[in-house]
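Enquirer: sequence first, predicted coordinates after that:
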Amino acid sequence: MLNDTELTKNYWCDPGIAAQSILLGATEKGLGGCMFGSVKRDELRSALKIEERYEILYVLAIGRPKEKVVLETVGPDGDIKYWRDNQRVHHVPKRLLKDIILE
């Protein structure tokens, strides 16, 4: 994800929100993805021949998921650790919205 500094140095949007929208769109298409902000920008610029005018903001990795991921509600014990079952399904416990929003 790049910013063309010849157009502007002050892009008036949050690139993290844009990256999240791209990843949500990929998920909608059956793909998986991950966003990286901590990258070796100089090495990446060289390897991909990215011109200096472009500021490297994020790297988005998008592809077909290797495993099935299931989101599930945190159990009564409150354990939020991820785990895999015998069929290699990746279980991701999540708290309910009512449990994390303060009133």
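Expert: Perfect, thanks for sending it. In this text, all values refer to a predicted model and were calculated from it rather than measured experimentally.
Enquirer: on the three-state scheme, Lys98 is what?
Expert: Secondary structure for Lys98, judged by DSSP: H, G, I helix; E, B strand; the rest coil, is helix.
Enquirer: what's the burial count for it?
Expert: Taking other Cβ atoms under 10 Å as the neighbour definition, Lys98 ends up with a count of 7. From N, CA and C alone the C-beta is placed, and that goes for glycine too.
Enquirer: over to Ala19?
Expert: The number of residues packed near Ala19 is 19, by other Cβ under 10 Å.
Enquirer: what about it, distance to Glu103?
Expert: When distance is defined by Cβ to Cβ, to the nearest Å, Ala19 is 31 Å away from Glu103.
Enquirer: same check, this time on Asn3
Expert: 39 Å.
Enquirer: Leu97 now?
Expert: 12 Å.
Enquirer: these two: who's more crowded?
Expert: Remark: of Leu97 and Glu103, Leu97 carries more neighbours, 7 against 3, as counted by other Cβ under 10 Å.
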